[in-house]
Structure formats: C-alpha cells, structure tokens
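>>> pasting the structure only:
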Ligand SMILES: [Mn+2]
C-alpha cells in the first residue's frame, strides 16, 4: 500500500489482552506476547513503505487486573526492535500527562504515532477538543522541533453525534492546538527560563491564553477556502440534509 501511494503507511498493533482477575504467571503471558510480535514482525519491510507501531493500554473492560501489553512492555519492545510507539492519550492514568512522555521517548525511538483523543475516565475514543492535554502534546512536539518524527492519528469513534461534525470538530481542534503551539514565542520563554526568570515565564504563558489566536485560525480557514468560524456548523447541517440523507 505504502509503495503504491508513495508515502509510508503506518500499521498499528493494539490487542485487547489481559485478565479480569489477577494472574500468577504474568511473566509467561508477556513472554508469549513478545514471541507473537517477533513472529508478526519476522518479515522486514522498508520504513519508507511501512512503519510498524505498537500501542499500550492501561486496562480494558474484562481486563481490569492485568494487561499484558502495558506501556512498559511496548516501550521496551519498540526501543529494542526499532518500531514506532503509539501514544493514545486515553490509555494512561488520568493524572498522567501524555505530553510529558514525548521528549523522553524521542530520545530513544525514531518516531511516534499519536492516537489523539479526549480520554474520559477509562476510555479514549471521544471526539478531540481543544483542551490542556491536547495542548501540552502539541507544545511538546513543537518545542522539541519534532514535527517530522510524529505521525498524527485522530479519533472519530463516537457515533452519538453527527459523523461529519465529529470529524470536523476533532480535526479543527488538533489544527488549532498545533497552531497555538507554533505561535508560542519559544525563544523568549526559554530565555526567561535559562535566566531563572520564572515569574516572567509564567506571566507570558498566561498572557498567551487570551491572545487572538482564533482570528489567525479563521484567517487560515479563509485562505484555505473552507467555512470560517461557526459557518461550518450550518455547512455540515446542510450536507447532512442534501447529501447524506439521500444515501
Ligand atoms: Mn488507541
């Protein structure tokens, strides 16, 4: 597929593995998963066509007591076998910051695959919105100058709202977050940091929050000839009525 398209395909492995009750031989389960992955990846493909990635999780329904493919397991696997690692920000403890993992992991693996989502309690798969978690992820990518080492996947699983609406809200939130991070006066902030000017750093970070970045995003939409601001709501409702209903 990647060869035909002329751009690499990213292939992600996530499996619902684990135990409802506590197992005794966790080690055997992990050895078995490692063996299976080694067999799956036995045939090597060039990374310019195919990038393999592995995705951890914290727990799942029916596997509350133990998950074989934990973050530690897959991070180790990715580093040792030169695969990508997938960060699904709904797959960590609620107080864990996925954004904080990026500069750690990029010191040891070439590339990351992101499953950007809005985690709600135990679950990912909620439509992405512009929130602090997403922002820290995009800021850490931009601040690390690592945009070319990050593959971005979004999340439109939630079928409780208009499908096109879900897709557009999620995409626009991700774009907005990357744009916000790109607009950050990084050099000034780092200069404050290096000089120990912590008050100045915090003050500027606070001021950025009310700067008119929405107007810049509107202008980007205008230049891209797509609906600006709330115009997209009406456009999607119209599309639903005139195109989707007839299918
Ligand atoms: Mn995921």
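Noted; the coordinates are in hand. Just so we're clear, the structure is a prediction, and the values are computed from it rather than from any experiment. Numbering: from 1, shown residues only.
>>> Show me what the longest helix anywhere in the chain is packed against.
Assignment by DSSP state H gives helix 163-183 as the longest helix of the chain. In terms of contacts (3 or more CB pairs under 8 Å, 6 or more residues apart in numbering; DSSP states H and E), helix 163-183 is packed against helix 132-143, helix 213-223, helix 231-242. Placement of C-beta: from N, CA and C, glycine included.
>>> Just say which of those helices is most tucked in.
For the helices and strands packed on helix 163-183, average neighbour numbers computed from mean count of other CB atoms under 10 Å are highest in helix 132-143, which has a mean of 20.
>>> Distance from the chain centre to that helix, please.
From the chain centre to the centre of helix 132-143 is a distance of 10 Å (CA atoms, centre = their mean, to the nearest Å).
>>> what angle separates that helix from helix 163-183?
On the basis of axes from the mean of the first three to the mean of the last three CA atoms, to 10 degrees, helix 132-143 is oriented at 50 degrees to helix 163-183.
>>> quick check, the helix or strand just after helix 132-143 touching the ion?
Downstream of helix 132-143, the next assigned helix or strand under DSSP states H and E is strand 150-153. No. Contact of strand 150-153 with the ion (CB under 5 Å from the ion) is absent, the minimum separation being 7.9 Å.
>>> Would you indicate which residues of strand 150-153 are buried?
Buried residues in strand 150-153, counted by 16 or more other CB atoms under 10 Å: 150, 152.
>>> I'd like to know which elements it is packed against.
Using 3+ CB pairs under 8 Å, 6+ apart, strand 150-153 sits against strand 9-13, strand 112-115.
>>> Give me the angle between the helix or strand following the longest one and strand 9-13.
Spelled out, it's strand 9-13. Using DSSP H and E, the helix or strand that follows strand 9-13 in sequence is helix 26-40. Helix 26-40 runs at 150 degrees relative to strand 9-13, counting by the same axes, to 10 degrees.
>>> How about the helix or strand that comes right after helix 26-40 and the ion, any contact?
As assigned by DSSP H and E, the chain's next helix or strand after helix 26-40 is strand 50-55. No. Counting by CB under 5 Å from the ion, the ion has no neighbours in strand 50-55; the shortest distance is 5.6 Å.
>>> Identify each buried residue in strand 50-55, please.
Per 16+ other CB under 10 Å, strand 50-55 contains these buried residues: 51-55.
>>> and if you look at stretch 157-176?
158, 162, 164-170, 172-174, 176.
>>> Quick one: residues in contact with that stretch.
Residues from elsewhere that reach stretch 157-176 (CB atoms under 8 Å, 6 or more residues apart in numbering): 116, 125-130, 134, 138, 152, 154-156, 213-214, 217, 220, 232-233, 236, 239-240, 244.
>>> Could you rerun that using 10 Å?
Residues from elsewhere that reach stretch 157-176, judged by CB atoms under 10 Å, 6 or more residues apart in numbering: 114, 116-118, 120, 123-131, 134-135, 137-138, 152-156, 213-214, 216-217, 220-221, 226-227, 232-233, 235-237, 239-240, 243-244.
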